[in-house]
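J.: Fold the following and give me the result.
(one chain, ligands or ions: 2)
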Amino acid sequence: MAKPISIEVYNPNGKYRVVSTKSMPGTRWINLLIEQDCRVEICTQKKTILSVEDIIALIGDKCDGVIGQLTEDWGETLFAALSRAGGKAFSNMAVGYNNVDVNAANKHGVAVGNTPGVLTETTAELAASLSLAAARRIVEADQFMRAGLYDGWLPHLFVGNLLKGQTVGVIGAGRIGSAYARMMVEGFKMNLIYYDLYQSTRLEKFVTAYGEFLKANGEQPVTWKRAASMDEVLREADVISLHPILDKTTYHLINKESLATMKKEAILVNCSRGPVVDEVALVEHLKQNPMFRVGLDVFEDEPYMKPGLADMKNAVVVPHIASASKWTREGMATLAALNVLGKIKGYPVWGDPNRVAPFLNENAPPPAASPSIVNAKALGLPVSKL
Ligand SMILES: NC(=O)c1ccc[n+]([C@@H]2O[C@H](COP(=O)([O-])OP(=O)(O)OC[C@H]3O[C@@H](n4cnc5c(N)ncnc54)[C@H](O)[C@@H]3O)[C@@H](O)[C@H]2O)c1
Ligand SMILES: O=C(O)[C@H](O)CO
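T.: Numbers count the residues shown, from 1 in each chain. Ligands and ions are numbered 1, 2, ... in the order given. Presented below is the predicted three-dimensional model:
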């Protein structure tokens, strides 16, 4: 029998019961639910990662929808519990939904929402920050200063890599990968090589136009290339950033062999999901190649790091904060709440989950639609004509 869980309740007499497994930034998401007759229950348990049993206790006997987190295991057990409680909607407060068994949700007729678009630039900015921090050894230098070791300028002190004119490689040039590529090309005049299952025509056009602009101004133009294989990116790029989804095809995409393909002084950044990189192989590679550097936001066994990683000076590590800007996190909460609300109210699904701005405008009511339901097709949900 699961222990009772502490909650905070808003609008206790609301008709629909919506549970959020965590407190989320901002208040707009709560107000939007309340305005539509929802009783909102927020779990206040002081435990970072809730277990399946904890969430079953939160769902209880009657629950119309749940907003959950990427740290939770949303599989058969939870979707069965939600369905028994009369629930028809779940939304991750994240764009990635590798923690969700969508087939199990389909089986129980539960709509699964995610939060694309609102975190694209924020996440890309963190990937760019990690690229710079690794290239210019910022964390090592900061620690050196704080340790009182600086006793004067030296020609060899913390020499790193210049980005201008080098090649940036992007693996997974979707929303975030493309935004990161644009930042690195435009900001640092890097040439681009990318690998994705699909061609990114918009990104290619952007780099072409920027190259022409530079040329017209008497500067060396930037270039782009769509690689035929991931190995081509690994061989040619000086900075490589990983932005694919995590699925069977991308698990350990970066492993001992692929690391060996990269340049000895390359920089690898991962803001996608930890298991895209074989972290044991990475630690070994970092040990053997002190000039190879990484910037990691995500880890294979989150919240843990594989043994040895914390000791590596050539690794910059941050705790999965890529989407952590105030605007983005408040927007993610809003989108997640509206995904759940839309299904409860019987609204259609928004036609283009990449165009979420109308849901984020605080000065107007949001459209009567769920912004992004990943299994809309499987459930046969109607699509909004707005
Ligand atoms: N660290 C964070 O806080 C954070 C924040 C946001 C997103 N993410 C992660 O980033 C991922 C990408 O987000 P997005 O919004 O850009 O998604 P997206 O769907 O727009 O982009 C993913 C891209 O990966 C490509 N892809 C899929 N399989 C591939 C493969 N085997 N090889 C190469 N490319 C492949 C797809 O074709 C697509 O273009 C999310 O799924 C999530 O896991 C992490
Ligand atoms: O997938 C996501 O959205 C991130 O990991 C958290 O923002």
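J.: give me every residue that touches the closest residue to E302 other than its chain neighbours.
T.: Spatially, and ignoring its direct neighbours in sequence, E302 is nearest to G274 (5.5 Å; C-beta to C-beta, 6 or more residues apart in numbering). C-beta here means a position set from N, CA and C on the backbone, and glycine is covered the same way. Residues near G274 by C-beta atoms under 8 Å, 6 or more residues apart in numbering: 298-302.
J.: Check the gap between G274 and V112 for me.
T.: Between G274 and V112 the distance is 22 Å, computed by C-beta to C-beta, to the nearest Å.
J.: circling back: ramachandran angles for the residue nearest to E302?
T.: Note on G274: its backbone torsions stand at phi -50, psi -50 [degrees, to the nearest 10].
J.: N99 too?
T.: When read as degrees, to the nearest 10, the backbone of N99 gives phi -90, psi 0.
J.: How about it, nearest residue that isn't a chain neighbour?
T.: Counting by C-beta to C-beta, 6+ apart, the nearest residue to N99 once its immediate chain neighbours are dropped is L70, at 5.2 Å.
J.: so that neighbour touches S91, yeah?
T.: No - if you go by C-beta atoms under 8 Å, L70 and S91 don't touch, sitting 11.4 Å apart.
J.: which ones are touching whichever residue of the chain sits closest to ligand 1?
T.: At 1.8 Å from ligand 1, G174 is the closest residue in the chain, using C-beta to the nearest ligand atom. G174 is in contact with 196, 243-245, counting by C-beta under 8 Å, 6+ apart.
J.: rewinding a little: drop anything exposed from the contacts of G274.
T.: Buried residues within the contacts of G274, counting neighbours by 16 or more other C-beta atoms under 10 Å: 298-300.
J.: on that earlier part again, for ligand 2, see how far away the residue nearest to E302 is.
T.: Note on G274: its distance to ligand 2, by C-beta to the nearest ligand atom, to the nearest Å, is 10 Å.
J.: among the contacts of G174, which are in reach of ligand 1?
T.: Applying C-beta under 6 Å from any ligand atom, the subset of the contacts of G174 adjacent to ligand 1 comprises 196, 243-245.
J.: where along the protein do the strands fall?
T.: For the chain, applying DSSP state E gives strands covering 7-10, 16-20, 38-43, 65-68, 89-92, 111-113, 167-171, 191-195, 224-226, 239-242, 267-270, 293-296, 315-317.
J.: Name the residues of the stretch 1-150 of the chain found near ligand 2, please.
T.: So far as C-beta under 6 Å from any ligand atom goes, the stretch 1-150 of the chain lies against ligand 2 at 70, 94-96, 119.
J.: now those as a markdown table including neighbour count and distance to ligand 1?
T.: Compiled in a markdown table, those are given as follows (neighbours: other C-beta atoms under 10 Å; distance: C-beta to the nearest ligand atom, whole Å):
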| residue | neighbour count | distance to ligand 1 |
| --- | --- | --- |
| L70 | 18 | 8 |
| A94 | 20 | 7 |
| V95 | 24 | 5 |
| G96 | 18 | 3 |
| L119 | 25 | 5 |
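J.: Farthest-apart pair in the residues you listed, please.
T.: Across those, no pair lies farther apart than L70 and L119, at 11.8 Å, counting by C-beta to C-beta.
J.: Return every residue with contacts to both of the two.
T.: In contact with both L70 and L119: no residue, using C-beta under 8 Å, 6+ apart.
J.: how many neighbours does N13 have?
T.: Residues within reach of N13, counting by other C-beta atoms under 10 Å, total 6.
J.: What sits closest to it if chain neighbours are left out?
T.: Closest residue to N13 apart from its sequence neighbours, by C-beta to C-beta, 6+ apart: R39 at 6.9 Å.
J.: In this structure D247 contacts Y97, no?
T.: No - judged on C-beta under 8 Å, D247 makes no contact with Y97 at a distance of 10.4 Å.
J.: Right, I'll leave it there.
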